[in-house]
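Any chance you could fold what I've pasted below:
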Amino acid sequence: MNSLKPVAADRLPPLLRRMPKAELHIHIEGSLEPELIFALAQRNGLALPYASVEALRSAYAFTNLQSFLDIYYAGASVLLKEQDFFDMARAYLLKAAQDNVLHAELFFDPQTHTARGVSMATVINGLHRACVDAHAELGISALLILCFLRHLSEQEAFETLEQALPYRDKFIGVGLDSGELGDPPEKFARVFARCRELGFHLVAHAGEEGPPAYVWTALDVLKVERVDHGVQSSKDAALMQRLAEDRIALTVCPLSNLKLCVFPDLARHNLRQLLDAGLLATINSDDPAYFGGTMNDNFTQTFAA
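Sure, this is the predicted structure:
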């Protein structure tokens, strides 16, 4: 029997960069680079509280998830028209193609935009048009997942779902994101039950900063098919066994975890522990514009550590 030989360290980065990839955890609003934020603000006649692109980028020093979300939602405020959403998604997909991403599933947060008076049609049609164009021009399969903001109410999630249903042919599933702490998955049990009845795929952020209990309820109450992040699962041996036995994938985001202080450095990230325990875990960029890491950056830096 032939044994696999380790790849030489100097050959690994180019191999990783050329490798075909799938990105399963990308918030499209989190791909909005400072340069495009300023361009869209100018196009839409908006003033930003930053003097320059450099000043905005220098504000990307986060201590936790909430400190990131504060700037994330401020950046999204420049998105007003269908073309804005198209341009944002198009910019991400062009970069993804450069990283040899062949398939991407894009999270989007409609409540961030409808709360500002932007219509659901504007959001979904702009993003979907970019996905269709990317498939035709770049050969990338790009699909949309509508996410509910967990810091908002169950009723608001139901209202968002109803607003989105006329466009249900343009997104494949629903997710749950925003700050975890204090907003457990079971808060949206009835919303996810309705989405399951409608035939949507179900995913949810759980176990990024939240405890393993959030992963359990995402699995058993929301009935998710995939857990986004999930790195806190390593603190619960029974949960690790469940994830491995049921082949539930975790969409792990190493550089995001580093930037948001979930782990102090990549050498102490638990991705290797998850994989060694037999879990399915993928590498993803999460919010690449804010965390300084594309798919290739996440792969090369994680493997180097």
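
Find the residue ranges of the chain scoring beneath the pLDDT cut-off.
For the chain, the stretches with pLDDT under 70 are 1-5.

go again using 90 as the cut-off
Of all residues in the chain, those with pLDDT under 90 make up the ranges 1-13, 48-51, 56-75, 291-292, 305.

Identify each buried residue in the top helix by length along it, please.
The single longest helix within the chain, with elements called by DSSP state H, is helix 120-138. By neighbour count with 16 or more other CB atoms under 10 Å, helix 120-138 contains the buried residues 120, 122-131, 133-134, 138. C-beta coordinates here come from the backbone N, C-alpha and C atoms, glycine included.

Need the contact partners of that helix.
Here helix 120-138 makes contact (CB atoms under 8 Å, 6 or more residues apart in numbering) with 28, 80-90, 93-94, 97, 106, 108, 110, 113-114, 140-144, 160, 163-164, 166-167, 170-171.

And for the next helix or strand after it, what's in contact with it?
Sequence-wise, the next helix or strand downstream of helix 120-138 (DSSP states H and E) is strand 141-149. Strand 141-149 is contacted by residues 27, 89, 93, 102-112, 124, 127-128, 130-131, 134-135, 156-157, 160-161, 164, 170-178, 188, 191, 201, 203 when judged by CB under 8 Å, 6+ apart.

Take the residues you listed and keep only those in helices.
Judged by DSSP H, the subset of the contacts of strand 141-149 located in helices is 89, 93, 110-112, 124, 127-128, 130-131, 134-135, 156-157, 160-161, 164, 191.

ok, so what distance separates residue 174 from residue 147?
Counting by CB to CB, to the nearest Å, the gap from residue 174 to residue 147 is 7 Å.

actually residue 257, not the one I wrote
From residue 257 to residue 147 the distance is 19 Å (CB to CB).

Repeat that for residue 173.
Applying CB to CB, the value for residue 173 to residue 147 is 10 Å.

now the buried residues of helix 120-138 in JSON lines, with distance to residue 264?
Output for the buried residues of helix 120-138, formatted as JSON lines (distance: CB to CB, whole Å):
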{"residue": "120", "distance to residue 264": "40"}
{"residue": "122", "distance to residue 264": "41"}
{"residue": "123", "distance to residue 264": "37"}
{"residue": "124", "distance to residue 264": "39"}
{"residue": "125", "distance to residue 264": "42"}
{"residue": "126", "distance to residue 264": "39"}
{"residue": "127", "distance to residue 264": "35"}
{"residue": "128", "distance to residue 264": "39"}
{"residue": "129", "distance to residue 264": "41"}
{"residue": "130", "distance to residue 264": "36"}
{"residue": "131", "distance to residue 264": "37"}
{"residue": "133", "distance to residue 264": "41"}
{"residue": "134", "distance to residue 264": "36"}
{"residue": "138", "distance to residue 264": "37"}
